[in-house]
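A.B. asks: no FASTA, just this:
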């Protein structure tokens, strides 16, 4: 009976928890206290522990409470129940998107959006470079270190592309800029 209670209780949490883990805490508290799985004080401690461990709070709490109440199988059932609704929703959206992407009108919209997204990303990059190198209006200031780093990164990209005949990895650019930042600042 405990296995069914764990599954149904955490399935309810998974189905109706909107707004992320912090929005789900009242629902988790209601389910856990109504079944008598934990006291309010213990649940509060477990929420703190779940926040400090890797992974989503809901999954961490479900795994702990399931394990605490019914061992390994209880942990598996509670965890499965809390993630099952999200998993099914993602499968549904994927199936719908797969058929929607074949529609010629949706393809035309996506082809039209591509240059807009490229323009937005390019404009953001240019804005960030100029605001870091020259400050913002009305008080323009020259940041020599930022200008040097920007010029050296551009030179590194062009040199690498010329020598290797391929683009420099973004990870490589991040490492180079981090080293330059440490050196210049």
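C.D. replies: Sure thing, it's come through. Please read these numbers as outputs of a predicted model, since none were measured by experiment. Numbers count the residues shown, from 1 in each chain.
A.B. asks: tell me what whichever strand or helix holds residue 183 is packed against?
C.D. replies: Residue 183 is located in helix 170-184, with elements delineated by DSSP states H and E. The contact analysis (3 or more Cβ pairs under 8 Å, 6 or more residues apart in numbering; DSSP states H and E) places helix 170-184 against helix 144-164. Every C-beta, even on glycine, is put in place using the N, C-alpha and C of the backbone.
A.B. asks: residues making contact with the helix holding residue 183?
C.D. replies: Identification of contacts with helix 170-184 by Cβ atoms under 8 Å, 6 or more residues apart in numbering yields 145, 148, 149, 152, 153, 156, 157, 160.
A.B. asks: pLDDT of it, averaged?
C.D. replies: The pLDDT scores in helix 170-184 average 88.
A.B. asks: okay, angle between that helix and helix 144-164 too, please.
C.D. replies: Between the direction of helix 170-184 and that of helix 144-164, the angle (axes from the mean of the first three to the mean of the last three Cα atoms, to 10 degrees) works out to 140 degrees.
A.B. asks: quick thing: my sequence starts at 415, can you match it?
C.D. replies: Sure thing, new numbering starts at 415, so read that last one as helix 584-598.
A.B. asks: relative to the whole chain's centre, how far out is helix 584-598?
C.D. replies: Mean C-alpha position of helix 584-598 versus that of the full chain (Cα atoms, centre = their mean, to the nearest Å) differs by 24 Å.
A.B. asks: packing partners for the top helix by length along the chain?
C.D. replies: In terms of residue count, the longest helix belonging to the chain (DSSP state H) is helix 471-514. Based on contacts counted as 3+ Cβ pairs under 8 Å, 6+ apart, the elements that helix 471-514 packs against are helix 416-430, helix 434-449, helix 454-466.
A.B. asks: out of the ones you listed, deepest packed?
C.D. replies: Mean neighbour counts were compared across those using mean count of other Cβ atoms under 10 Å; the top stretch is helix 416-430, at a mean of 19.
A.B. asks: where does this protein have low pLDDT?
C.D. replies: Low-confidence segments of the chain, defined by pLDDT under 70, span residues 432-435.
A.B. asks: domain-wise, how is it divided?
C.D. replies: For the chain, the structural domains run 416-514, 528-556, 557-599, going by automatic domain parsing.
A.B. asks: and among the ones you listed, the most buried is which?
C.D. replies: With neighbours defined by mean count of other Cβ under 10 Å, none of the domains of the chain is more surrounded on average than domain 416-514, at a mean of 16.
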